[in-house]
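> got a predicted structure here, sequence first:
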Amino acid sequence: EVQLQASGGGLVQAGGSLRLSCATSGITFDGYTIGWFRQAPGKEREGVSCISSSDTYYADSVKGRFTISSDNAKNTMYLQMNSLKPEDTAVYYCAWGGSCPIYYYYWGQGTQVTVSS
């Protein structure tokens, strides 16, 4: 059974930082795309960042502020988010398989990130 569980969200002031983690089971990272997308109320899903076999992607809105990483031995991925802005407020989901930046096979339940101004 494939499981992805995101954690690390919370309430932070603008300019602050958060580190999201995603613990997974039932999958392997090797050879597959992994990534993060977000969805704010009333807005469409937005691909935030992902790693594929050939590239690392960042949405223009987060370039220079967010960093994606993974520990393949632990099947865990991370999203370091710095210089957070109110417009980063959303539910963040970790995802696996498929293709960057939003067409994934599986994703978890998400973790809420709220950035206050």
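Looks like it came in fine.
> can you pull out the strands in the chain?
3-7, 10-13, 18-25, 34-39, 46-51, 56-58, 66-71, 76-81, 90-96, 106-107, 111-116 (DSSP state E).
> would CSV of those with mean neighbour count and mean pLDDT be doable?
Placement of C-beta: from N, CA and C, glycine included. Shown next, in CSV, are the strands of the chain (neighbours: other C-beta atoms under 10 Å; pLDDT from 0 to 100):
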stretch, mean neighbour count, mean pLDDT
strand 3-7, 17, 97
strand 10-13, 13, 98
strand 18-25, 19, 97
strand 34-39, 24, 97
strand 46-51, 22, 97
strand 56-58, 15, 96
strand 66-71, 16, 96
strand 76-81, 21, 98
strand 90-96, 24, 97
strand 106-107, 18, 96
strand 111-116, 17, 98
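> my guess is Tyr104 meets Gly98, correct?
Yes. Using C-beta atoms under 8 Å as the test, Tyr104 is close enough to Gly98 to be in contact (4.2 Å).
> quickly list what's touching both of the two.
Common neighbours of Tyr104 and Gly98, using C-beta atoms under 8 Å, 6 or more residues apart in numbering, are Thr33.
> who's more crowded, the two?
Tyr104 (23 against 17; other C-beta atoms under 10 Å).
> could you pull up the residues touching that one?
Contacts of Tyr104 (C-beta under 8 Å, 6+ apart): Thr33, Gly35, Phe37, Ala95, Trp96, Gly97, Gly98.
> which two among those residues are spaced furthest apart?
Maximum pairwise distance in those, criterion C-beta to C-beta, is 13.0 Å, between Phe37 and Gly97.
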